[in-house]
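**Q** sequence and predicted structure below; questions after.
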Amino acid sequence: MLHGGEKNTTPEGAATAGDAAATDFELHEATVTALQEKMKSGQLTARRITELYLERIEAIDKAGPKLRSVIEVNPDALSIADTLDQERKNGKLRGPLHGIPVLIKDNIDTADKQQTTAGSLALAGHKATQDAFIVKKLREAGAVVLGKTNLSEWANFRSTRSTSGWSSRGGQTKNPYILDRTPSGSSAGSGAAAAANLCALAIGTETDGSIVSPSSCSGLVGFKPTVGLWSRSGIIPISATQDTAGPMTRTVQDAAILLGALAGEDATDAVTKESAGKTQPDYTTFLNPNGLKGKRLGVEKGHLTGASDAIPLLKQAVELLKAQGATVVEVEVEKLTDPLGQAEYDVLLYEFKDGVNKYLATAGAGVKTLTDVIRFNTENKAKAMPFFQQEILEASDKLEGLASPKYQAALRKSHQGARAAIDNVLRENKLDGLVAITNAPARCIDLINGDSGGGPGFSSPAAMAGYPHITVPMGQVHGLPVGLSFVGGAYQEGPLLTLAYAYEQASKKRVAPEFKAPFVG
């Protein structure tokens, strides 16, 4: 068995699903800066850029490899682009996102002709009356809302036997690197779409791993910010403690641009008040190619041994970090946070019921409560639950409110415990950040048995703590991307971007997908 590296190990003679589609695209791997330069010079307009991405979605997502990453395109996208082009002609530029097409996960409200459903047939037809706070900021920044992306239904909080990237409304999203592999979740569509160049930028949401894991599996930069940096108002929730949206992009610079544009306090999301004085309007100021020099990083010791093919990639990354001037020491974070897993799950169960009931009560959807959702799924089982059930929804619906002593105890153990673990390791070792394998290479899609587990992963510590976590491509295993995680303390987005950017520029491990056919065919 081969370990690590970039070698193409597709069996000789195995067909690829889109050789020409991989690179024969005018906007292939286009960055925000490059697109702005083309619009400034008059070489392209926002309308033409939007048209090209819409054509790409038709060619790659609906036909060809049929990624099924985009659940719906915005019928107003071209008219929005026209308006932004006219503003440019009139000398009005809103900033670096002016005219840039962005895809948004289908659990984020958009007050337009698009639906917001969390991938659930129970919410089919639901159209929000108000933009989510971050969508409002996105529009104000001049972005073109291109469409909505598929996701693991209910952000992968429906069944313990779920399949990542599948929803009853959107079907199964594929991994654009090898088409029978999972795109991971729950921001599966955002990850696959950004990787396959169906948009300039994408937005995902995360409770535990749902930005960083699909980003890792799709060769992207994924950034889960501190809970409170971006508002959650207008986003179908799981957890008030852990939920946040975040950028999913092809470069660290693009993630930094999007991060700053959507940050800010929201009166309807109290946790954002904690971000006062801690955010930056322009996070690109932290991008320094020499930013690793003199830094001290802790590598998760448990990720340096074992059978995973991702381990050699981590060891290579550590050597590169050292070569760029960083000091790397071994630390054991997971030994402190792994025992908190059951408490975290209990917190999510309690907070899901509370949050979803509040969202549905005012959403104007056909279902008004979590109980209604469960009933709908049961009555429409053939379409709503053809592969796996809804035992997580049912378990959540049976629980008491957030005044429950069990909930309060679980919250203290999970949230405060994870924060203490990370803070203590950072302080005691005088660290600028933690590094680890984001997650193992993508497994095969299995709608019968659900996702398979195993292998290293580092989403939970930062997720439980509500701390920032960015993943950057660090190589491939048998043609499947693997990400390198950088984790820091609360509101340390800027310093983490410095580390991630310096590593990205020194390593250059982002490789565009080629839509390869399965190994066995």
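**A** Arrived safely, thanks for sending. Residues are numbered from 1 along each chain as shown.

**Q** neighbours of Val328, how many?
**A** Number of residues near Val328 (other Cβ atoms under 10 Å) recorded here: 18. (Glycine included, C-beta is placed from N, CA and C.)

**Q** apologies, that question was intended for Ala409.
**A** The local packing count at Ala409 equals 13, with neighbours defined by other Cβ under 10 Å.

**Q** next one: Ala465
**A** Using other Cβ under 10 Å, Ala465 is surrounded by 28 other residues.

**Q** got a list of what it touches?
**A** Neighbouring residues of Ala465 by Cβ atoms under 8 Å, 6 or more residues apart in numbering: 415, 418-419, 421-422, 490.

**Q** touching, Arg88 and Met39? I think so.
**A** Yes - at 6.7 Å, Arg88 and Met39 qualify as touching, with contact defined as Cβ atoms under 8 Å.

**Q** which residues do the two both contact?
**A** Counting by Cβ under 8 Å, 6+ apart, the shared contacts of Arg88 and Met39 are 46, 98-99.

**Q** most neighbours out of the residues you listed, which is it?
**A** Using other Cβ under 10 Å as the neighbour test, the shared contacts of Arg88 and Met39 are led by Gly99, with 29 neighbours.

**Q** quick revisit: quick one: which of the shared contacts of Arg88 and Met39 sit in helices?
**A** Using DSSP state H, the members of those that fall in helices are Ala46.

**Q** of the shared contacts of Arg88 and Met39, closest to Arg232?
**A** Proximity of these to Arg232, judged by Cβ to Cβ, is greatest for His98, which lies at 25.5 Å.

**Q** which non-adjacent residue is nearest the closest one?
**A** Spatially, and ignoring its direct neighbours in sequence, His98 is nearest to Gly142 (3.5 Å; Cβ to Cβ, 6 or more residues apart in numbering).

**Q** what is the burial count for the one you found?
**A** 22.

**Q** start the count at 37 instead of 1 going forward.
**A** From this message on, residue numbering opens at 37, which makes the last subject Gly178.

**Q** and it, which of the three is it?
**A** coil (DSSP: H, G, I helix; E, B strand; the rest coil).

**Q** tell me who's in contact with it.
**A** 120, 123, 129-131, 133-136.

**Q** check it and give its pLDDT.
**A** The per-residue pLDDT reported for Gly178 equals 98.

**Q** ok, the one 4 residues further on next?
**A** Confidence at Leu182, expressed as pLDDT, is 99.

**Q** what does Val556 give?
**A** According to the prediction, Val556 has pLDDT 73.

**Q** what about it, is that helix, strand or coil?
**A** Secondary structure state of Val556, per three-state DSSP, is coil.

**Q** okay, now it: neighbour count?
**A** Using other Cβ under 10 Å, the number of residues around Val556 comes to 8.

**Q** state the distance from it to Gln512.
**A** Between Val556 and Gln512 the distance, using Cβ to Cβ, to the nearest Å, works out to 19 Å.

**Q** and for Ile506?
**A** The spacing between Ile506 and Gln512, counted by Cβ to Cβ, is 19 Å.
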